[in-house]
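**Q** what follows is a predicted protein model with its sequence.
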Amino acid sequence: YEVFNESEEPLFFSIGAHPAFRCPLTDKGKLEDYYLEFNEAETLERHLLTDGVFDGTTEVVMDNANILPLTYELFEKDALVFKKFKSNTVTLKSRKEPRGLKVSFPGFPYLGIWTKQKGAPFICIEPWYGLADSTNTSGDLVEKEGVMKLESAEEFDCHYQIEIF
């Protein structure tokens, strides 16, 4: 992504990707055969959503580990949204086949992982520079968590990469 502020006024923005991947990757297997491998050991707290907005609560889903087994139950409370993590890559792997994919997102401060409940044949790995609203939002975009600001003539760029193997 490249963002350039051509205005004389500050530009406020956020960026988020929503790539979805078939999971299982082939006609064989099921979601529970798969796991996400982070490139760093992580203690990850998911930030919980109620009706699409952050409600201020969290719960730990990984404790000093780099493997997150996938189950539909993991998504019963909506997406996994992480605000603090060390990793810059997440790899989708199977215990039963060699195919997989890796999403690299250097510098992205937020990460969403999502699928629908029970039987959805996909998983989303979503690097973000921005977040949904929270229950205590003021409604002012300037104050929203994760919103980026560019002054006049400033630019911002970032990228993510998907590798399939």
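**A** Great, that's in hand. Residues are numbered from 1 along each chain as shown.
**Q** partners of the helix or strand bottoming out on mean pLDDT in the chain in the sheet?
**A** Here the helix or strand of the chain ranked lowest by mean pLDDT, DSSP states H and E is strand 15-16, holding a mean of 94. Paired with strand 15-16 in the same sheet, following DSSP bridges, are strand 122-129 (antiparallel).
**Q** give me the next element, helix or strand, following the least confident helix or strand of the chain.
**A** strand 20-22 (DSSP states H and E).
**Q** other SSEs contacting that following strand?
**A** strand 122-129 (3 or more C-beta pairs under 8 Å, 6 or more residues apart in numbering; DSSP states H and E). To be clear about C-beta, it is placed using only N, CA and C from the backbone, and glycine gets the same treatment.
**Q** phi and psi next, for Gly119.
**A** phi 90, psi -10 (degrees, to the nearest 10).
**Q** contacting residues around Pro127?
**A** 16-17, 103, 105, 108, 110-111, 160 (C-beta atoms under 8 Å, 6 or more residues apart in numbering).
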